[in-house]
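# Structure, please.
(chains A and B)
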There are 2 protein chains.
Amino acid sequence: MRTRPLKVALLGCGVVGSEVARIMTTHADDLAARIGAPVELVGVAVRRPSKVREGIDPALITTDATALVQRGDIDVVVEVIGGIEPARTLITTAFENGASVVSANKALLAEDGAALHAAAEKYGRDLYYEAAVAGAIPLVRPLRESLAGDKVNRVLGIVNGTTNFILDKMDTSGAGYSEALDEATALGYAEADPTADVEGFDAAAKAAILAGIAFHTRVKIGDVHREGITEVTAADIASARRMGCTVKLLAICERAADGQSVTARVHPAMIPLSHPLASVREAYNAVFVEAEAAGQLMFYGPGAGGSPTASAVLGDLVAVCRNKLGEATGPGESTYTRLPVSPMGEVVTRYHISLDVADKPGVLAQVATVFAEQGVSIDTVRQQGKDGEASLVVVTHRAPDAALSGTVEALRKLDTVRGVASIMRVEGE
Amino acid sequence: MRTRPLKVALLGCGVVGSEVARIMTTHADDLAARIGAPVELVGVAVRRPSKVREGIDPALITTDATALVQRGDIDVVVEVIGGIEPARTLITTAFENGASVVSANKALLAEDGAALHAAAEKYGRDLYYEAAVAGAIPLVRPLRESLAGDKVNRVLGIVNGTTNFILDKMDTSGAGYSEALDEATALGYAEADPTADVEGFDAAAKAAILAGIAFHTRVKIGDVHREGITEVTAADIASARRMGCTVKLLAICERAADGQSVTARVHPAMIPLSHPLASVREAYNAVFVEAEAAGQLMFYGPGAGGSPTASAVLGDLVAVCRNKLGEATGPGESTYTRLPVSPMGEVVTRYHISLDVADKPGVLAQVATVFAEQGVSIDTVRQQGKDGEASLVVVTHRAPDAALSGTVEALRKLDTVRGVASIMRVEGE
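Prediction:
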């Protein structure tokens, strides 16, 4: 074994960073044995240097992240500060100055992954980011490497723990959205400002990363259709139950039937209780992958948290250090298929629509006519009437999203339709 | 991209090999783009050259596998013939002659992995074998690489599709073992001679491979305690149901509580219906991994079959070819912890014991005394009597396997115990 240590700089020392530093110390011998050389933490860039950080030598702490990555003797930079800047500039500077990078930064990778990968390739460095998607669950490496000889057609996953906790709570307790969010906040599953989670931004970033890797093409977060869970009601969940379904916030990446384009989207959807994703509880994550030869695979585990995310970061650190020692680099970005990302209107799926309608003869015929005119075929209709008001629950066969939007627009114009109470896609069948 | 192709030799052209050859042809462009160079199948060694093999150029077929691996210009040898010899000699010869190896041979790796890894290292070649464990499910790579910065404490999995199909059939239909085996055979899930599957040899080989990788130590198939499913009865399954459990053939690899040894075993066990492994149906496989930082991860998918296994082989082929191009090698065998493998007697778990006893006062007291004398603490007892005969079902707290064996031996000596109807371990709680 080489005795001269590989030098690691840590950018960020919050929940994940402090755990990375801790494990690097407590498991130093194991890491050294697995890498073939010891690793040494030589600097930790933080914003608040005065904060007490147990187990970290205060001499390593600096507020000058730029100077740290410019030292020139760093082998690997671990970036766990998140956000676009200064992370982007620091990572690029690290590449320029001889370091490979391990990052957990989903927002940055989904926004500007192409430039980062290009910089890594230009300087002959590694850019690894297993921790950016679904915490400790090995997903980036299985997609990039294990399935490199296969053709992935679909990725369907629960990739945000906060929203899964909220929806699971609504499902099991009958609580409304606000009540469930309050509980998630109280238990630390939701942040004070939960926007990134509940509006689907976090899941959309992960969907972009997963779609890019799965289909060997470039997908940015802006290419991902995004709907959050803030409008999911207790009535939606109850309606899902009546259909033998539950509601999950899903990230769905698909190759079009003709293979010439891909789609990526994040939205709440009903899935059958018999689907493996339906039983993913609390803040757990799980991702279903459908590949041509492999068939259906599922990866399940904790999708967030300091320790699980640190586990993914350290797995990457070991790989990048091994590559450094072998003077090699791992697989870089693979976007050779150059498949375009189609808009949401071209996505084909099923829909569950609740309508408030007048309780009089002929309403169903009118509604059915609208669906037929838009080319959306109806699978089932359930009609409930009371006191001159009635509700119609329509479940469709598979149809393009644009056709469904057209249908809903036309339905709203009918005098007999008082309102469209909810529209939810049905997946996983 | 390099235009000179990497040369691949295929040893074996059965269910897996023919699928590997087919995908190499149909997906040649994708493989080339992902590797960075085209791959060319330059020879296929078979036993029966006269068999028609659709899509394979007859000029590539040879019966002289030794000459093929000795050519000297082969970059990667794919070994899918299985068994110990001639596979072992051919792989070693391939290393000597400049080739890296992708193998799906669990029996060989579990028997003689150390020598193969040593040969690979000596000649600077890769030895990859994702397909040897759980078919298409990425497991070897996640354990070897994704979790390389973590400490795995436990691997618990369903790694044999045939036995899972049989036990699932017994569970859902109430069928006995023979009837379920007949159905598995008729449907092609069990081979004409099902011994390797139903007696647990196949699962034991996989357990040895998984334990070695997970704990960074050397575990051979002979170190794995092995019990098959041939003695599982419909009554066992019914009894499991009454406890809210189902019966699965599990491969269990554990680090001892003191961290100084490991155990590896394969046997039928009761697991709670709420455990994710309980819902693994038909011939699917799934593996639970518990790691210190990552927490609980699960990997699920098809554990066998031509296409899924070919997917795993081709993922390895891409990785090994990339390494060849970069003049690097992937991670080799990691056995630095040198942890001993403890015998089954030291495994600590819970037990479900059915006893046929005389239906008279004082029997329970006698039985309970035996458990107490052996230091095995009882959790619950269920007593059923009819016509002078009675049965006692005892579920214990956690105890060493040796203590349980001692208890059973002592129970058999009691006059009031007519027989020990079944003993089954209880896992996954």
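
# ok, the nearest residue to A:G124 once chain neighbours are set aside - contacts?
Spatially, and ignoring its direct neighbours in sequence, A:G124 is nearest to A:T329 (6.2 Å; CB to CB, 6 or more residues apart in numbering or on different chains). For the C-beta atoms, the positions are set from N, CA and C on the backbone; glycine is no exception. By CB atoms under 8 Å, 6 or more residues apart in numbering or on different chains, the contact list for A:T329 reads A:S100, A:A120, A:G124, A:R125, A:D126, A:N323, B:G326.

# Not counting sequence-adjacent ones, nearest residue to the last one?
Spatially, and ignoring its direct neighbours in sequence, B:G326 is nearest to A:A328 (4.6 Å; CB to CB, 6+ apart).

# What is the neighbour count of the one you found?
For A:A328, the tally of surrounding residues (other CB atoms under 10 Å in any protein chain shown) stands at 18.

# ok, it touching B:E327?
Yes. Counting by CB atoms under 8 Å, B:E327 is a contact partner of A:A328 at 7.5 Å.

# Is the closest residue to chain B within the stretch 301-429 of chain A in a helix, a strand, or coil?
Taking CB to the nearest CB, chain B has its nearest neighbour within the stretch 301-429 of chain A at A:L314, 2.4 Å off. Three-state call for A:L314 (DSSP: H, G, I helix; E, B strand; the rest coil): helix.

# OK, contacts around it?
Here A:L314 is in contact with A:V20, A:I23, A:M24, A:L31, B:A148, B:G149, B:D150, B:A293 (CB under 8 Å, 6+ apart).

# And for A:T66?
Going by CB under 8 Å, 6+ apart, the list of residues near A:T66 reads A:P86, A:T89, A:L90, A:T93.

# burial measure for the last one, as a count.
If you count neighbours by other CB under 10 Å, A:T93 ends up with 19.

# ok but it is inside a strand, no?
No. Counting by three-state DSSP, A:T93 is not part of a strand but helix.

# Keeping just the C-alphas, turn stretch A:187-206 into PDB.
Extracted in PDB, the C-alpha atoms of stretch A:187-206 (Å, rounded to 0.1, in the frame of the first residue of the first chain):
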ATOM      1  CA  LEU A 187     -40.600  15.700  13.000                       C
ATOM      2  CA  GLY A 188     -37.800  17.300  10.900                       C
ATOM      3  CA  TYR A 189     -38.800  15.700   7.700                       C
ATOM      4  CA  ALA A 190     -39.800  19.000   6.100                       C
ATOM      5  CA  GLU A 191     -37.700  22.200   6.200                       C
ATOM      6  CA  ALA A 192     -39.100  25.500   7.500                       C
ATOM      7  CA  ASP A 193     -39.500  26.600   3.900                       C
ATOM      8  CA  PRO A 194     -40.700  23.300   2.300                       C
ATOM      9  CA  THR A 195     -41.000  24.800  -1.200                       C
ATOM     10  CA  ALA A 196     -38.200  22.800  -2.900                       C
ATOM     11  CA  ASP A 197     -39.700  19.600  -1.700                       C
ATOM     12  CA  VAL A 198     -43.500  20.000  -1.900                       C
ATOM     13  CA  GLU A 199     -43.400  21.900  -5.200                       C
ATOM     14  CA  GLY A 200     -41.300  19.100  -6.700                       C
ATOM     15  CA  PHE A 201     -38.200  21.100  -7.500                       C
ATOM     16  CA  ASP A 202     -36.000  18.600  -5.600                       C
ATOM     17  CA  ALA A 203     -37.500  15.600  -7.400                       C
ATOM     18  CA  ALA A 204     -37.300  17.400 -10.700                       C
ATOM     19  CA  ALA A 205     -33.600  17.900 -10.400                       C
ATOM     20  CA  LYS A 206     -33.200  14.200  -9.600                       C
END
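
# Does chain B have contacts with that stretch?
No. On the criterion CB under 8 Å from any CB of the partner chain, stretch A:187-206 is out of touch with chain B, staying 15.1 Å away.

# Please identify the buried residues of that stretch?
Residues of stretch A:187-206 classed as buried under the neighbour-count rule (16 or more other CB atoms under 10 Å in any protein chain shown) are A:189-190, A:194, A:196-206.

# Now do it, average pLDDT.
Averaged over stretch A:187-206, pLDDT sits at 96.

# which secondary structure elements does the lowest-mean-pLDDT helix or strand in chain A contact?
Lowest on mean pLDDT, DSSP states H and E among the helices and strands of chain A sits strand A:378-386, with a mean of 87. Judged by 3 or more CB pairs under 8 Å, 6 or more residues apart in numbering or on different chains; DSSP states H and E, the packing partners of strand A:378-386 are helix A:363-373, strand A:389-396.

# Single out the most deeply packed of these.
strand A:389-396 (a mean of 19; mean count of other CB atoms under 10 Å in any protein chain shown).

# Okay, now the sheet partners of it, with direction.
The sheet places strand A:389-396 alongside strand A:348-358 (antiparallel), strand A:378-386 (antiparallel), with pairing taken from DSSP bridges.

# which one of these has the most crowded surroundings?
Using mean count of other CB under 10 Å, strand A:348-358 ranks as the most buried of the strands paired with strand A:389-396, with a mean of 20.

# Let me see the mean pLDDT of that one.
95.

# hey, where'd the helices end up in the stretch 101-250 of chain A?
A:106-123, A:140-141, A:161-173, A:177-186, A:195-198, A:201-215, A:234-242 (DSSP state H, counting those that start in this stretch).

# Point out the most buried one among those helices.
helix A:201-215 (a mean of 28).

# That helix vs helix A:161-173, what angle?
Angle between the axes of helix A:201-215 and helix A:161-173 is 110 degrees (criterion: axes from the mean of the first three to the mean of the last three CA atoms, to 10 degrees).

# now the angle between helix A:106-123 and helix A:201-215, please.
40 degrees.

# by contact count, what packs against helix A:201-215?
helix A:106-123, strand A:152-158, helix A:195-198, strand A:225-226, strand A:245-255, strand A:262-272.

# could I get those as CSV with distance to A:A304?
Shown next, in CSV, are the helices and strands packed on helix A:201-215 (distance: least, CB to CB, whole Å):
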stretch, distance to A:A304
helix A:106-123, 11
strand A:152-158, 12
helix A:195-198, 10
strand A:225-226, 19
strand A:245-255, 14
strand A:262-272, 16
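
# So for B:L364, which of the ones you listed sits nearest?
In terms of CB to CB, the element of these nearest to B:L364 is strand A:245-255, at 44.8 Å.

# the inter-axis angle of that closest one versus strand A:152-158?
Using the same axes, to 10 degrees: strand A:245-255 against strand A:152-158 is 150 degrees.

# now strand A:245-255 against strand A:262-272, angle please.
Using the same axes, to 10 degrees: strand A:245-255 against strand A:262-272 is 160 degrees.

# May I have the strands that pair with strand A:245-255, each with its orientation?
strand A:152-158 (antiparallel), strand A:262-272 (antiparallel).
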